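In: Requesting a structural model of the entry that follows:
(2 chains)
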There are 2 protein chains.
Amino acid sequence: MDCFVSLAMTKKLVAGLCLTAVLAFPLSGPLSAQEEPPTPDSVVASASSEDWVSIAPEDILIMELTPAADGSGRSVVIQLLPPPFSQPWVENIKTLARAHWWDGKSVYRVVDNWVAQWGGDDPELGMDPRPLPDGVVSPEVPYTVIVRRFLDSAYIPGISEQDWRKDGYFPDSYNQDGQTDFWAGWPISRSKFDAATGPAQQWPIHCYGHVGVARDMAPDTGTGSELYAVIGHAPRQLDRNIAVVGRVIEGIEHLSTLPRGTGDAGVYEERSEDTPIVSVRLASEHPDGAKFAYEYLDTNSETFARYVAVRANRNDAFYTVPAGGVDICNVQVPIRLIEE
Amino acid sequence: MDCFVSLAMTKKLVAGLCLTAVLAFPLSGPLSAQEEPPTPDSVVASASSEDWVSIAPEDILIMELTPAADGSGRSVVIQLLPPPFSQPWVENIKTLARAHWWDGKSVYRVVDNWVAQWGGDDPELGMDPRPLPDGVVSPEVPYTVIVRRFLDSAYIPGISEQDWRKDGYFPDSYNQDGQTDFWAGWPISRSKFDAATGPAQQWPIHCYGHVGVARDMAPDTGTGSELYAVIGHAPRQLDRNIAVVGRVIEGIEHLSTLPRGTGDAGVYEERSEDTPIVSVRLASEHPDGAKFAYEYLDTNSETFARYVAVRANRNDAFYTVPAGGVDICNVQVPIRLIEE
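Out: Numbering: from 1, shown residues only, chains lettered A, B, ... in the order given. Reported below is the predicted structural model:
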């Protein structure tokens, strides 16, 4: 799929057809030789099969909303974070899915340029105060993990851990003393090792489509029974203040197009405004689980490095001024559905 | 309005009720003394009347869409950029509004995490090939303007032009050698003065809700008859590649919740899927123009500096790890409706 074909066919379109939150498209062969300048899509299309990494079915969560007004299905597919990040919450979420805890719950809060949130259990708001499964409690652990060395520091060839800032594409307002980069398919921040502050910490970040754990005031960390997906500009101020547990890899539009709530904090005023959840299942336990098989582009591959470089330096028939950088949340790790 | 009251009342909400794209709320008195830590809202509430700047009625554009399914109105209010930025396109847009050119046109393209676009005239797509008013042509001018000295470089007290990078809140992936900051209520990027590259350039940037001019391939710059609003993470790679002309200051949800298009580049496949535009008028020519009177918080004020500092360092009953910085597009200049 070539963005420019579409652009040439339809006039005066803002470029970037393919810059949706996450790419999900069928497998296709490598790109044939072409004379056009590289685009993010052409780089992805050139990836070899070795560049793609399977996502385990037990890390895929499928939330089925009631059908839309026109009868079409609304599946929201979420990839859960792998170890070592946010695992106490991820384990809770897997327990809740196995217990079918969300079935019959709803999406009850939607705030423009902020989040869509589901799974409420507050009887004062007219919600079902369903008990949590045994063992599902708010973890009393930090949102960050300690690591001995940076994961994937060499993903941009030729840039060492020492000089990433000078040559890196991602200066980061939300982590100015550290580094934000990719690891195992995810954007991750880390602090600098410092004799004064101790070992480096790493943590997952909030980008468009990312899923986090709603909670009460600190020090509560939330159980994972109430989740939100980001539907606006990355709210990175939430990083290290809330548990990021995954990201929507397909169907974010079923959340981002929902009416905005007009009650306190964007909660719908009446439960009749909610969007009911039919079921939430792990792909490994879903009757049609094989249909939800995905791969991500290896963020340690040369192809991904080229993809980032093109994202940071768009220069083609539409873009004439390359920026020289890209927001980490605008990189958008390519993810694709594996056709059966 | 205090976010924390709402948060205390409704459990497990992601903080940040008030972080909508743009604040629009009635005038209220200064905040009474309080012991709670400052929040963005409390700082805004503490602003004096001198901190607010009126937006001229001829810089406000009201796009009225057909009513929603429940009969409610859908007004999208856009603030146009003031001189010296993008004025040839802004002038075209004012001419088009005065000619009622958009009346009966439609929103015909919506792409998730990207843009909603309106005003098409391509007969091959079933659109009305309405002629443009006399004089409305694609400007052959750059997207940047040359300036002799930085506008408002002192807005963060104590930070000089020389050391902004060390102490600034906004390291910018998309303008790593220059500076991105606020001027006259708008986030603006500028390049560094350099003997090799010549005088500094300045340009408006793409944030959530910002409005730009759709165009054909470069070097076409678009006339302004087809516009888009950003409904996702700031697509800053478009900066300097396309004309930014304004921002939605109220009613962005009437665009961001529209169904996503399934045709090429997110254009709706059938014109019957479009959302019709009833009218587009400048507030200065609108029969109810007085109802669309707005003010923005002076970005050169001490109050705004405090607001940015709190945005960059959330630290209260919900946030416990202040970031030390904030993405320029997450600052969200406060804008309020003036009650009649």
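In: Count the neighbours of the residue nearest to A:Thr66 when sequence neighbours are not counted for me.
Out: Leaving aside its sequence neighbours, A:Thr66 sits nearest to A:Pro276 (Cβ to Cβ, 6 or more residues apart in numbering or on different chains; 4.7 Å). The way it works is simple: take the backbone N, C-alpha and C, and place the C-beta from them, glycine included. Neighbours of A:Pro276 under the rule other Cβ atoms under 10 Å in any protein chain shown: 14.
In: which residues does whichever residue of the stretch 201-340 of chain A sits closest to chain B contact?
Out: Distances between the stretch 201-340 of chain A and chain B by Cβ to the nearest Cβ are smallest at A:Gly325, namely 3.6 Å. Going by Cβ atoms under 8 Å, 6 or more residues apart in numbering or on different chains, A:Gly325 touches A:168-171, A:312, B:172-176.
In: Narrow these to just the buried residues.
Out: Among these, the ones that count as buried by 16 or more other Cβ atoms under 10 Å in any protein chain shown are A:168-171, A:312, B:172-176.
In: so which two of these are the farthest from each other?
Out: Using Cβ to Cβ, the pair of these lying farthest apart is A:Gly168 and B:Asn175, separated by 14.5 Å.
In: and the residue nearest the centre of chain A, helix, strand or coil?
Out: Centroid-nearest residue in chain A: A:Arg247, 2.8 Å away (criterion: Cα atoms, centre = their mean). Taking DSSP: H, G, I helix; E, B strand; the rest coil as the rule, one finds A:Arg247 in the strand state.
In: Count residues in the vicinity of the nearest residue to it once chain neighbours are set aside, would you?
Out: Counting by Cβ to Cβ, 6+ apart, the nearest residue to A:Arg247 once its immediate chain neighbours are dropped is A:His210, at 4.7 Å. Here the count is done by other Cβ under 10 Å, and A:His210 has 26 residues near it.
In: need the contact list for A:His210.
Out: Taking Cβ under 8 Å, 6+ apart, one finds A:204, A:229-230, A:234, A:244, A:246-248 in contact with A:His210.
In: And the helices in chain A, which stretches?
Out: For chain A, helices defined by DSSP state H occupy the ranges A:3-9, A:40-45, A:87-98, A:164-167, A:253-256, A:302-312, A:328-331.
In: Rebuild these as a markdown table, extending it with mean pLDDT and distance to A:Asn113.
Out: Shown next, in a markdown table, are these (pLDDT from 0 to 100; distance: least, Cβ to Cβ, whole Å):
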| stretch | mean pLDDT | distance to A:Asn113 |
| --- | --- | --- |
| helix A:3-9 | 30 | 25 |
| helix A:40-45 | 96 | 24 |
| helix A:87-98 | 98 | 25 |
| helix A:164-167 | 44 | 30 |
| helix A:253-256 | 98 | 10 |
| helix A:302-312 | 93 | 22 |
| helix A:328-331 | 96 | 14 |
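In: Redo the ones you listed as CSV? Include distance to A:Tyr108.
Out: Below are the helices of chain A laid out as CSV (distance: least, Cβ to Cβ, whole Å):
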stretch, distance to A:Tyr108
helix A:3-9, 37
helix A:40-45, 36
helix A:87-98, 16
helix A:164-167, 42
helix A:253-256, 12
helix A:302-312, 35
helix A:328-331, 26
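In: quick one, strands of the stretch 201-340 of chain A?
Out: For the stretch 201-340 of chain A, the strands defined by DSSP state E, counting those that start in this stretch occupy A:201-204, A:210-213, A:227-230, A:244-250, A:275-282, A:294-297, A:335-337.
In: strand partners of the second one, parallel vs antiparallel please.
Out: Pointing back at strand A:210-213 there. strand A:227-230 (antiparallel), strand A:244-250 (antiparallel) (DSSP bridges).
In: Same question for the last one.
Out: Sheet pairing here is set by DSSP bridges, and for strand A:335-337 it gives strand A:294-297 (antiparallel).
In: Relative to the whole chain's centre, how far out is the strand it pairs with?
Out: What separates the centre of strand A:294-297 from the centre of its chain is 13 Å, taken as Cα atoms, centre = their mean, to the nearest Å.
In: quick one: least confident helix or strand in chain A?
Out: In chain A, no helix or strand scores lower on mean pLDDT, DSSP states H and E than helix A:3-9, which sits at a mean of 30.
In: who does the closest residue to A:Thr144 other than its chain neighbours bridge with?
Out: Residue nearest to A:Thr144 in three dimensions, not counting chain neighbours: A:Gln201, with 3.9 Å by Cβ to Cβ, 6+ apart. Note on A:Gln201: beta-bridge partners by DSSP bridges are A:Ile146.
In: what sits against A:Gln201?
Out: A:142, A:144-147, A:190-191.
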